[in-house]
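Colleague: Using only what follows, build the 3D model:
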Amino acid sequence: MTRRGALQFVAAVSGALAMAMAVRSLTEGPEVIDVRSHHLTHAVLILGGAAAALALAAANRRPASASEKPQWLLLAILAPLGGMVLMVPTFYPYLNAHPAAHTLTHLGLVAAGFVTAWCGERYRARIGWATTLFLEGMAVGAAFGFGVTR
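Modeller: Numbering: from 1, shown residues only. Sure, this is the predicted structure:
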């Protein structure tokens, strides 16, 4: 298997696992879990989407990928903000009672991770890694702060 093929395989597996975790809410029905655990689950979903994007970007790297492509920067910045909006604990009672909405939120988190990493890499090589680390840091940090009772 070539390096490109291996990276495409990693992207596919990462994306498939993240999607499977996201739709798991449909099979479990209404559930109530603590906010800290929920935020950490979200961090894993985001990481799955980001890992798929980073592997796919590495497999499709262009020779001039070190030059900036500013059209991608806005999405690389807005996607993490969208991910954080999806994690507002105020929404959790509704989402926990409605598995379809819960699943859509989880799919949104996978998408936020993917868009953050992909658009960061399209903007300039290695920026996707930085934007992913910041998004993951926010998601994990949220588990120990915002909306979490001690």
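
Colleague: next structured bit after the one helix or strand L54 maps to?
Modeller: L54 is part of helix 35-59, with elements assigned from DSSP states H and E. Using DSSP H and E, the helix or strand that follows helix 35-59 in sequence is helix 73-86.

Colleague: Can you work out which other helices and strands pack against that following helix?
Modeller: In terms of contacts (3 or more CB pairs under 8 Å, 6 or more residues apart in numbering; DSSP states H and E), helix 73-86 is packed against helix 35-59, helix 99-123, helix 127-142. Where C-beta positions appear, they are placed from N, C-alpha and C, glycine not excepted.

Colleague: Please save the CA atoms from the helix or strand just after it in CSV.
Modeller: Toward the C-terminal end, the helix or strand that comes next after helix 73-86 (DSSP H and E) is helix 92-97. This file holds the C-alpha atoms of helix 92-97, laid out as CSV (Å, rounded to 0.1, in the frame of the first residue of the first chain):
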residue,chain,number,x,y,z
TYR,A,92,-28.6,19.1,26.9
PRO,A,93,-32.0,18.4,28.5
TYR,A,94,-33.8,18.8,25.2
LEU,A,95,-31.1,16.8,23.3
ASN,A,96,-31.1,14.0,25.8
ALA,A,97,-34.8,13.6,25.4
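
Colleague: And stretch 10-28, what's buried?
Modeller: By neighbour count on 16 or more other CB atoms under 10 Å, the buried set for stretch 10-28 is V10, A11, S14, G15, L17, A18, M19, M21, A22, V23, S25.

Colleague: Need the pLDDT of the first one.
Modeller: At V10 the predicted local confidence, pLDDT, stands at 89.
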